[in-house]
Structures are given as C-alpha cells and as structure tokens.
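Asker: Compute the structure for the input listed below.
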Amino acid sequence: MVKNYLKIALRNLLKHRQISFINIFGLSAGMAVTMLIGLWVWNEISFDKYHNNYDRIAMVWQRAISPTESGAFNSMPMPLAAELRNNYPNDFKQVILASDGTHTVGYGDKKFTSRGAFMEPGGPELFSLKMLKGSRAGLKDPASVLLSASFARSLFGDREPMDQLIKLDNNNGLTVKVTGVYEDLPENTSINGVNYIVPWELYVTKWDWVKNAKDLWDFNSMHIIVQLADNADFDKVSEKIKNVKQLHTPKEENYRIELFLHPMRKWHLYSGFENGVQSGGQIRYVRLFGIIGVFVLLLACINFMNLSTARSEKRAKEVGIRKAIGSMRGQLIGQFLSESVLVALFSFVLSLLFVLAALPWFNQVADKHIHIPWSSPGFWIAGLGFSLFTGILAGSYPAIYLSSFQPLKVLKGTFRAGRYAAVPRKTLIVVQFTVSIILIIGTIVIYRQIQFAKDLPVGYTRNGLLSIQMTTPEIYSNFNVIKRELKASGAVTEMSESQGPITDIWTSSGDWEWKGRTSDQQNNFSVIGAKYGYGKVVDWQFVAGRDFSEQFATDSMGLILNEAAVKYMGLTNPVGETIRRNHENFHVLGVVKNMIMASPYEPVQPAIYYFLKEGGNFVNLRVNPEISTSKALATIAQVMQKYNPAAPFEYKFADEEYAKKFREEERIGQLSTFFAILAIMISCLGLFGLASFLAEQRTKEIGIRKVMGASVFQLWQMLSKDFVILVTLSCCLAIPVAWYFLHKWLMQYYYHTRIVWEIFVFTGVGALLIALITVSYQAAKAAMANPVKSLRAE
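Answerer: Numbers count the residues shown, from 1 in each chain. Okay, the predicted model is just below:
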C-alpha cells in the first residue's frame, strides 16, 4: 500500500512539474529559514551550558532602591566576598572574586594585547575548565598563569608551554609562570575570549588601586561569582544575603541597597534590568525569531494547501473512482498525506543545501559560529521529525478536503467546487500577505530606530578621536615627552589621559553629598577621571563654567558635572558649589552637555568628572584633521614604539567604538530584512502558481470574452482584481497589528523614533505592486492567447 502511495505521488509530481517546483522550492525555502532560526535559537538557549555547574552558578548583583527610582548593577566591593564566604558556609560551595580586562602579554619578542581575567584559585574549578595541560589548581601559586590553548600556541608556537615565563603588562614585577593550559571556551559562553587567568593575589599586591580598595565597602569595581550548595535555593539565599552590604554602609533615609543572586542560566538571555527589576534581554529576540520561523514555514505550507485545493476538480474523478472501488476515507487521507510528506522530504534535502549556502553569511550577520551537526544522530532524527511535521501540516487540509468528495456526484459529472470553495484559499492568501507586510513594516521601523539613535547629539566630537589603552608603565613615565613629540610632529592637536574609555562607563560611585540633597535621591553616579586637556581632546561643550586648568592649583579638587547630574542634584547655579565625598570637599568648575558614553538607547546617567592625580589607563588623542589619518597613525605608532617598545601599538577610534553600540539592532535589522524578503518571495511564489492555475481554469471563459470584444486590459483587470482585493485586505489587517507591536517595541527605548503614516502607505503600495507584477504575467499571457485554440473543442 505504501509503495503504491509513493508511486502515485511521484507520478503526480512529474506530471505537474510547475506546481511541484513551486511546492518544493517554497517549502524548502520555508524549512531552510526555520532550520537557520532553529540552529540560532539552540545556540542561544544552550548559552553557558558548557560549564558543568551551570545550574548552580550565580553572580552577585546589587539593587539600589529609592522612592523615585531604582537601579541594578553587578559591580561589587571586595570585602563582600569574604563576608559571604565566612558567614554563609552552608549556602555557598564557592565564592570567587574576579575581574576581567585587557593587558599586554609578552614572551620574548612576541607581544599581544589580549583579554584576560584575575580570579581567586577556585575560579577554574567553578567554571569547570577542561585542562589540556596542568590542573585547575594551577592558580594556587601567586606567580602563575593559565592560558587558553589558542593563546598558548600564539605565544609559544610548537614549544612546550608548561613552566614557561611570560610578562604581564611588561612589568618586571609581573613575571608569571605557565602552570596550565585549558581548552578554548566555546563562543556561546559568557567568559568566551578570556585567553589567560591570573591569580587574584597578584592583582591585589601589584595594583595599588586594587590594594587600596581591599577594605572599601563603597567602591564597586569587582565581580563576585558564587556556586550554591547542593540543597540551596537561589531565591532563598538571595533573601538571606540581601541586607549584607547595607549593614556595612551608612544608613540613609528612604534609600537602601539590596543584594541578590543572578543565576548563570539567566546571564545571557535575561541580562536586562529596568528600574532595578529584571526586564528581559536576549530572550526577546529568541522569541521574536522563533515566531518569525514558525510564520515563514506556515507561509510555505499555505502555498502547498492553496495549490493542492485549487486542483481539486482535476483530482475529483480519481477520488470518486477510488471510493467507488472500496477505498475508505482514511486510506485517501493517507495517500494525500504521503504525497505531502514526500514533497516535504524532497524539500528538506534542498533546504539543507540552502542552509549550507547561507550559513557563512548568516554567521557573519549574527556574529556566531553555527554549523550543521552532520555527525549528530539527534540532528537527523529531528530533521526527519521536522519533515514529517511539515508534510502533515502542509497536507492536512488538502487531504481532508479532497477525501470529502462524494463519488456519486463526481462520477456523474455534476461535481462543482461551489462558490464558497475558494474562501479558504483566499483566507490563506490574506494570512500570507498579512504576515509578509507586518515583517516589511517591522524592518523599516527597525532601521528608522537605528538611524534615529545614530543621529542623536553625543556631546563630543567623535571624528579623529582615538584612544590607546595604557597597559605598560613606560607610557606613564614618558607621557609628557610623548605628548610634546606628537604635538610637535603635527600628527595630533591634543592629547590627555583618562580613567576609563571615552565610549563606555567603567566605574560608578556613591557617598556624594551636596547642598539640598534629599533622602530619596539615589546616590550613584558614573565617575570618570580626567587630566588636563581631556576637555579639548573630546571637544567638551560647556554649558557653564570652565575646564580643568594648570593655572589653578585648586583644580585638583575640582569637578565637572554633566547636565544629567546637575538636573538630578537640583542645582540652580552649580558652578562654585561644594560637593563632599569621603570627608573631602570638592568644588564644581563647570557643566558640560551630556556625553553619550554608554548605551545610546538609554538616558544619559548623571556623571561626575574628577581630576586624575595619578596616571590614567587610557591615552586619548585628537588627530590633526589637516593631514591624512594613515600618515598621522604612522607617526603616532613610531613615537609610541620609541618610548614603549614592549607593547604592541593598538588603538581604537571613538567613532568605530560608538558604531559598535548599534550592532545588535543592526543585526536584528539585517536578519529581519532577510526574513521579510523570503516571506514576500514565498507568498508571491504561491500567488504566481495560483494565478497560473486559475488562468488555465478560465481559459475557455477568456476565449469567449475575447471573441465577444473584451480587450486585453479588461481581461487583465478581471484576472487581477480578486488578488488586488485580497492584498488590500491584508494591508488593512497588517497595519494596525504592526503598529501595536512596533509601538510596544519602541517604548522600551528611552530615545525612539515615531511610526509615521508614510511607512504604511509605502509598504501597502509596494505590496500591491509586487502582487500585481506577480499575477500580471499569467493574466497577460492568458488575455493575449488566441481564442481559437481555447475554443477549438467547442
């Protein structure tokens, strides 16, 4: 029986080649999109599962709560780790202090600036690093280092890495010995890209600012990662520890600090916080693209349904004869489903080729390293199940519809599809185009939002502004000489140091006191250290007051506020006001326009720029616009190598770093465009097939109308009218749905664009034109056919 079903299915596919091609190509495109999205979703939901203790690891976060606003952040004071470790031994297996950053690593003549981490000795065990050489206990020696396999190869080539000595930041006091090599971490882990791990003890003893912060409860700059005991619960432990930090900080009316645990399973997908409460994150894109994948597959299945039911009259006699000789309805349903499953299997094979071809582009856009797991039995079982599901989904309605024909009417020749037989097909076409139009509108709005954010005033001049991270002591000691030489060369116009990059916020701080401060004002400001000339380098736009100046010795205790800080503090005339912190008095020198240093989609945080008395960790330079950038960079590189030969010359342009802030939204926009184009293509493919079949079905009617004097335009109008009505109805349904969901999406951004009516007009007219172009070929072909040929049999 099954063999007979397959034989008939193959015959039907070969007999109706155009319809078969449309069905197989459309289904394979839909299945390819669903497969790509499925691989991406699996990569996302399996984030951090590389670690054995994935479900027991958490990061300690703190929530600052006041009556007016709240915030959450994961930077912690150092003494908190010991407090948790000593006072809650039954709740935590491990409590680890960690801090990651970029440093210069050198071996012989080789120098690399690479990301690494300082961790307490239990870190490798907590993250269950897979050791290729040495053991996870390698950090117990304070002068040790663990390297990733790829970084070890970069440093030593084919040499044995164990017990080799390398230099960190070219500091003679930071020569460390390789005590282990661990397997490269996969890209879907939160600590991916950490190429080396150095003991925490070395961090505390060799960096003065870390040493000074060891006992400070108000200095939030470290991460604390914990592994819960086997019988502990995240929520219950969070409740236990929530007041630990508050007990060690000054009490303030209507303001408090609460600690809580953020489990590793939520680090990636649920990383967003709003007003101190978890508000989503990457999970919204997982859900969004999951829904898109389902709808694109549904669009492809609709094509199959429409074309199968449209050919109902041609298969009516086959159904009648089969029923007359004893076939049961269930057997007929089985036959039609076997045809659709066979089409789905062919489509699955073709979709694998599509996915294989699209993966390099998809990985580039999605910033992933996804591959097809050819050797995984689970993948093939899932693929077979996916094909069966698609075949049954696409073939269920046609199978039920075709098997319902009455043999008596069919064999007597009195069977007609009826005036309402086309209603389900029209409904499905409306669904197809509604989904496609929503995707197109969504893509346009996403790109408008990206462009809107890019056009926001950033409060400084990005062009020609570059930063060099200071990872070696030579830059500190030779800073003034380097500055004089570079300015004399004409390569740069200004140069200054800062604590933290221009395009990000690395440090926040509290305990600031000012005149008129109320108890409900949350005391947490972004803090940036700057030296003389920083304002000229970034091109600060002053609203009041002045910059730091070498002419006034008192400026070492001066502060520059941004507009957000002035507004938050409620200062009417901020210049000259006294602000206290840690029993020291600072005075406000000036106020600058808000600089967008963090996310361009969120409100600028209150920021305080203080005078940096010691060396910073970034050198910022303004390239001379009158000479070429390449020539200026060559000069800068030459001078840097002269005074800092131990470190590679690596720099970052502010405009390029700022552009990276839009990568996530640009990625979503590119993928949405791709899916929208595929959706409209699949819809048009089905429309083309249906128009072709209906034109063929009305061949004699067209011939008679032409003989009676109908023009080609009138016939084209007659054949196209129904499709235009359906697409117009789709526009009417899609526009309010798109507006509702896109409006909600835009509301999550503090700075957002408006949804203007021109978007809907453009999309609606575009959809109508695409539909007309799709059906016009078949309509015009039928209208221009010779009526003699179509009426010859009459």
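Asker: And the residue nearest the centre of this structure?
Answerer: By C-alpha atoms, centre = their mean, the chain has its centre lying nearest to Glu664, at 4.2 Å.
Asker: What pLDDT does the model give that residue?
Answerer: What the model reports for Glu664 is a pLDDT of 82.
Asker: Can you tell me the SS state at it?
Answerer: helix (DSSP: H, G, I helix; E, B strand; the rest coil).
Asker: how near is it to Ser271?
Answerer: According to C-beta to C-beta, to the nearest Å, Glu664 stands 11 Å off from Ser271. (Glycine included, C-beta is placed from N, CA and C.)
Asker: likewise Arg580?
Answerer: 35 Å.
Asker: Any figure for the gap between the residue nearest to the centre of the chain and Tyr285?
Answerer: Glu664 is 8 Å from Tyr285, by C-beta to C-beta.
Asker: cool, Asn192 as well?
Answerer: 18 Å.
Asker: which of these two has more neighbours?
Answerer: Tyr285 (18 against 15; other C-beta atoms under 10 Å).
Asker: Find the residue closest to Leu356 in space, skipping its chain neighbours.
Answerer: Ile372 (6.7 Å; C-beta to C-beta, 6 or more residues apart in numbering).
Asker: SS state for the one you found?
Answerer: Ile372 ends up coil, using three-state DSSP.
Asker: OK, contacts around it?
Answerer: Contacts of Ile372 were listed using C-beta atoms under 8 Å, 6 or more residues apart in numbering, and they are Leu39, Leu352, Val355, Leu356, Leu359, Phe379.
Asker: Would you report which members of these are assigned to helices?
Answerer: Leu39, Leu352, Val355, Leu356, Leu359, Phe379 (DSSP state H).
Asker: so the last one sits right up against Gly385, yeah?
Answerer: No - taking C-beta atoms under 8 Å as the contact criterion, Phe379 and Gly385 are not neighbours in contact, 10.7 Å apart.
Asker: So the two - more neighbours on which side?
Answerer: Neighbours were counted for Phe379 and for Gly385 using other C-beta under 10 Å; Phe379 has more, 13 against 10.
Asker: Could you count how many residues lie near the closest residue to that one other than its chain neighbours?
Answerer: Nearest non-adjacent residue to Phe379, counting by C-beta to C-beta, 6+ apart: Pro373, 4.6 Å away. Neighbourhood size, Pro373 [other C-beta under 10 Å]: 13.
Asker: Going by distance to Ser340, which of the contacts of Ile372 wins?
Answerer: Ser340 has its nearest neighbour among the contacts of Ile372 in Leu352, at 19.0 Å by C-beta to C-beta.
Asker: mind checking how far the closest residue in space to the closest one that isn't next to it in sequence is from Ser70?
Answerer: The shortest distance from Leu352 to any non-neighbouring residue, by C-beta to C-beta, 6+ apart, is to Ile372 (7.3 Å). As judged by C-beta to C-beta, Ile372 and Ser70 stand 45 Å apart.
Asker: Please enumerate the strands of the stretch 101-250 of the chain.
Answerer: Counting by DSSP state E, counting those that start in this stretch, residue ranges of the strands within the stretch 101-250 of the chain are 110-119, 131-134, 144-148, 165-168, 175-182, 196-199, 219-220, 223-228.
Asker: of the ones in helices among the contacts of Ile372, buried ones?
Answerer: Leu39, Leu352, Val355, Leu359 (16 or more other C-beta atoms under 10 Å).
Asker: Wait, the last one touches Ile370, no?
Answerer: Yes - with the criterion set as C-beta under 8 Å, Leu359 and Ile370 qualify as a contacting pair; they are 6.6 Å apart.
Asker: following the helix-or-strand element of the chain with minimal mean pLDDT, which helix or strand comes up?
Answerer: Scoring the helices and strands of the chain by mean pLDDT, DSSP states H and E places helix 407-412 at the bottom, with a mean of 58. Moving toward the C-terminus from helix 407-412, the next helix or strand (DSSP states H and E) is helix 423-454.
Asker: helices or strands next to that next one in the packing?
Answerer: On a contact count with 3 or more C-beta pairs under 8 Å, 6 or more residues apart in numbering; DSSP states H and E, helix 423-454 meets helix 283-310, helix 663-697, helix 712-746, helix 757-783.
Asker: I'd like to know which of those helices lies nearest to Gly122.
Answerer: That would be helix 283-310 among those, by C-beta to C-beta, at 29.9 Å.
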